[in-house]
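# build me a model:
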Amino acid sequence: MLVVILYLPQSEFLMELLLNTIRSYVPLSARDEKIICSLFHKKHYKKGDHLLESGNICRYITFIDTGLVRYYLSNDGEEQTNYFNKEKEFICYYMSFLPQTPSNVNIQALEDTTVYVISFNDIQKFYKEVEHGERFGRLAIEQVFVNVISQMGSLYTDPPEVRYQKFISNYADIVQRIPQYYIASYVGIKPQSLSRIRRRIAGMR
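Coordinates of the predicted model:
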């Protein structure tokens with residue numbers, strides 16, 4: 001029996017999760033895949049490192065290969081967590097990235113995190129050289145905007161208990177990976193208040 005073993009180039013093998021995620025939006029040819037692998041670059045962040053700090057320009061669209069991050073605002077020493085991203089998701093603060101102006105948002109790794117990044121100039125090449133590149137950009141950006149705006153809007157319109165229930169629904173697969181004080185920050189309350197809400201919800205089951 002003849003067994004044929006196909007070897008992917010090392011860069012394409014390492015980026016398979018990224019390529020599969022892009023394929024979920026648009027089809028990719030072999031040529032497209034080579035272009036993508038040449039434009040994205042791998043980076044590692046330790047737990048607690050910042051991918052973006054307030055006052056700096058967001059210079060990359062980032063794809064999480066492994067790990068977990070949070071978006072947060074900082075005001076007079078108080079932090080307000082307003083979003084989380086995990087594996088197979090793109091992260092970018094477009095309000096800074098698109099005009100290339102300083103960000104007012106921080107993005108921090110909650111775990112050791114491995115990502116692939118593409119710069120502002122290289123994403124323009126992606127849109128131009130990948131056959132369905134512009135369509136992918138539109139679909140991906142639309143999804144990020146809808147998710148972020150929906151969750152940030154919830155902070156101002158929903159009471160804490162509803163916001164916590166939405167958190168559990170939206171992040172059911174990663175809730176055990178997020179420290180309780182960040183969950184409380186996301187909900188917009190103190191950790192002690194979160195404990196009371198959790199006990200009340202548990203008592204209703």
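
# what's the burial count for the closest residue to residue 180 other than its chain neighbours?
The spatial neighbour of residue 180 that comes closest, neighbours along the chain excluded (CB to CB, 6 or more residues apart in numbering), is residue 191 at 5.8 Å. Glycine gets a C-beta too; all of them are placed from N, C-alpha and C. Using other CB atoms under 10 Å, residue 191 has 14 other residues around it.

# residues in contact with residue 191?
Taking CB atoms under 8 Å, 6 or more residues apart in numbering, we find residue 191 in contact with 180, 181, 184.

# per-residue confidence at the first one?
Looking at residue 180, its pLDDT reads 92.

# wait, it touches residue 194, no?
Yes. Here residue 180 reaches residue 194: they are 6.5 Å apart, a contact under CB atoms under 8 Å.

# the more surrounded of the two?
residue 194 (22 against 12).

# check which helix or strand covers that one.
helix 191-203 (DSSP states H and E).

# for the protein, what spans make up the strands?
If DSSP state E is used as the criterion, the strands of the chain fall at 41-45, 50-52, 60-66, 68-75, 78-86, 90-91, 106-109, 113-119.

# export those as CSV, with columns for mean pLDDT.
Formatted as CSV, the entries for these read as follows, by pLDDT from 0 to 100:
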stretch, mean pLDDT
strand 41-45, 97
strand 50-52, 97
strand 60-66, 96
strand 68-75, 93
strand 78-86, 90
strand 90-91, 92
strand 106-109, 98
strand 113-119, 97
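
# now do the helices in this structure.
In the chain, the segments counted as helices under DSSP state H are 10-14, 16-23, 30-39, 94-97, 120-129, 133-157, 160-170, 180-187, 191-203.

# show me what counts as buried in the fifth one.
What that stands for is helix 120-129. Of the residues in helix 120-129, 122, 123, 126 count as buried by neighbour count, 16 or more other CB atoms under 10 Å.

# give the contact list for the nearest residue to the second one once chain neighbours are set aside.
Okay, so that is residue 123. The spatial neighbour of residue 123 that comes closest, neighbours along the chain excluded (CB to CB, 6+ apart), is residue 61 at 5.8 Å. Contact partners of residue 61, counting by CB under 8 Å, 6+ apart, are 90, 91, 92, 97, 117, 118, 123.

# looking at the helices of the chain, spot the one closest to residue 75.
helix 180-187 (12.1 Å; CB to CB).

# can you give me the pLDDT of residue 5?
The pLDDT attached to residue 5 in the predicted structure is 38.

# on that earlier part again, closest to residue 160 among the contacts of residue 61?
Where those are concerned, and distances follow CB to CB, residue 160 has its nearest neighbour in residue 91, at 25.6 Å.
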